[in-house]
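Engineer: Coordinates for the following, if possible.
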Amino acid sequence: LLIDVNTILSYVQNGYLTGIGRTTYELLRQWDRMYDEIPFEIVLYSQNTKGVSAKGLFKFKTLHFFWPNREVYKKCLYPLWLRKLVSRYDLLHIPHNVDVMEDVYRTILTIHDVIAYRFADSWGSQTWQFPDREKRLLEYAAKECKGIITCSEYSKSDIVKYYLFSYYSSFNCG
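Structural biologist: Numbering: from 1, shown residues only. Here you go, the predicted model:
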């Protein structure tokens, strides 16, 4: 299992975690406590040009790519399947809603909320807009991925409503 841990790198640098970073950190902390009992290998993956990684935070192996953590670079490099070739992952976990993926069918997403859908009219007036291409990527990924993790039954029902799901079997809530 390869886990994208870019959301916890602010903790490594300055001790601060965002909401999504905190969720990822706590998940890894719990799995770290069960390290000897986990029947598969977990590798933590990060990317940036400064070399900031999660090495030493947990018992898991780490993998770091020295390229910018920007969408334009990901779109250029991921079609080459470098992350898959180097890590040899069987399953990828993206804990921050969605990202560029080599193989959506071997990906698990953690979708935290659908606020950009629920409040679409007011979202566009914010400083950061939720572009249509991002909505399409998230809808595609959510429908085609291996599974979705979310934090509550409420979020689950929103995801079903806004992504037009007709099935619940791949959901894990809580």
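Engineer: which one's the longest helix in the chain?
Structural biologist: Taking DSSP state H as the criterion, the chain has its longest helix at helix 19-33.
Engineer: what helices or strands is it leaning on?
Structural biologist: For helix 19-33, the packing partners by 3 or more CB pairs under 8 Å, 6 or more residues apart in numbering; DSSP states H and E come out as helix 9-14. The way it works is simple: take the backbone N, C-alpha and C, and place the C-beta from them, glycine included.
Engineer: re the thing from before, could I get the average pLDDT for the longest helix of the chain?
Structural biologist: Mean pLDDT, computed over helix 19-33, is 93.
Engineer: okay, it in PDB with CA atoms only?
Structural biologist: In PDB, the C-alpha atoms belonging to helix 19-33 read as follows (Å, rounded to 0.1, in the frame of the first residue of the first chain):
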ATOM      1  CA  GLY A  19      -7.500  19.300   8.800                       C
ATOM      2  CA  ILE A  20      -6.700  16.700   6.100                       C
ATOM      3  CA  GLY A  21      -3.100  16.500   7.200                       C
ATOM      4  CA  ARG A  22      -4.300  15.700  10.800                       C
ATOM      5  CA  THR A  23      -6.600  13.000   9.500                       C
ATOM      6  CA  THR A  24      -3.800  11.400   7.500                       C
ATOM      7  CA  TYR A  25      -1.400  11.700  10.400                       C
ATOM      8  CA  GLU A  26      -3.800  10.100  12.900                       C
ATOM      9  CA  LEU A  27      -4.500   7.200  10.500                       C
ATOM     10  CA  LEU A  28      -0.700   6.600  10.100                       C
ATOM     11  CA  ARG A  29      -0.200   6.900  13.900                       C
ATOM     12  CA  GLN A  30      -2.800   4.200  14.500                       C
ATOM     13  CA  TRP A  31      -1.300   1.900  11.900                       C
ATOM     14  CA  ASP A  32       2.200   2.600  13.300                       C
ATOM     15  CA  ARG A  33       1.000   1.200  16.600                       C
END
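Engineer: buried set for that helix?
Structural biologist: Residues of helix 19-33 classed as buried: 20-21, 23-25, 27-28, 31 (neighbour count, 16 or more other CB atoms under 10 Å).
Engineer: Dump those residues to CSV, plus distance to Tyr78.
Structural biologist: What follows is those, written out as CSV (distance: CB to CB, whole Å):
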residue, distance to Tyr78
Ile20, 21
Gly21, 22
Thr23, 24
Thr24, 20
Tyr25, 25
Leu27, 24
Leu28, 23
Trp31, 25
